[in-house]
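K.L.:
Sharing a sequence plus its predicted fold:
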Amino acid sequence: MIDTGLRWFAATLCIAGLTHISAVLLAPSHSRDLAFTGIAFGGGEGGLARVDGSNTSADLDPAFLNAVCRFDAETGPVRLTGVMPGTYWSIAAMSDDGRILSTLSREDLRGTDLDLLVGRTATLDAARQSAGIASVDVMSLPADSGFVLVRLFAGGLDDRSLAEEAFEGLQCRPALAN
């Protein structure tokens, strides 16, 4: 009887251990799917929504200000415009499931004025021609929908005021809108 009870106890411990190990190993692959689910995309002025600890479960660096805007095949490419500060900033296009599709930083673009078309590769040329914009930087993506994450460094007091000022002027609108 003790032998049978000990076997059941050992079997239960093994099953519990395997379940725990599986959960720990699978959690990171599912967490990116949920990191940006609480954000109301495009709810802010200019199509950008500010991202902080209140509307995301992503572990964001507090030294950066973050904002997102949505792109999809229905509305076509988005045009991200604004004057960026001289501090570090980056732009990442992400798929709906949280995979990074493409990134750009201050060093990748010319000057401090940001004028960027973001969207599916096939639709970017048509959007440029119909909007009459030839000299615009582009971020060609292999996905029909997702979001653009803009991050500005705001570590010091001076940097934070510059970053907040730049955030106020950022616009993210459909490329074909007036």
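P.N.:
Looks like it arrived, so ask away.
K.L.:
which helices and strands does the helix of greatest length in the chain pack with?
P.N.:
If you go by DSSP state H, the chain has its longest helix at helix 2-34. Judged by 3 or more CB pairs under 8 Å, 6 or more residues apart in numbering; DSSP states H and E, helix 2-34 is in contact with no other helix or strand. For every residue, glycine as well, the C-beta is placed using N, CA and C.
K.L.:
Got the domain ranges for this structure?
P.N.:
1-34, 45-174 (automatic domain parsing).
K.L.:
Might you calculate how far the first one sits from the centre of the chain?
P.N.:
Taking CA atoms, centre = their mean, to the nearest Å, one finds domain 1-34 lying 34 Å from the centre of the chain it belongs to.
K.L.:
now the residue nearest the centre of the chain, nearest residue through space, not along the chain?
P.N.:
Note on the chain: the residue nearest the mean C-alpha position is residue 149, at 3.5 Å, using CA atoms, centre = their mean. Nearest residue to residue 149, sequence neighbours excluded (CB to CB, 6 or more residues apart in numbering): residue 92, at 4.6 Å.
K.L.:
What helix or strand is the one you found located in?
P.N.:
For residue 92, the enclosing helix or strand under DSSP states H and E is strand 89-95.
K.L.:
Tell me the strands beside that strand, with direction?
P.N.:
Strand pairing for strand 89-95, using DSSP bridges, gives strand 100-105 (antiparallel), strand 146-153 (antiparallel).
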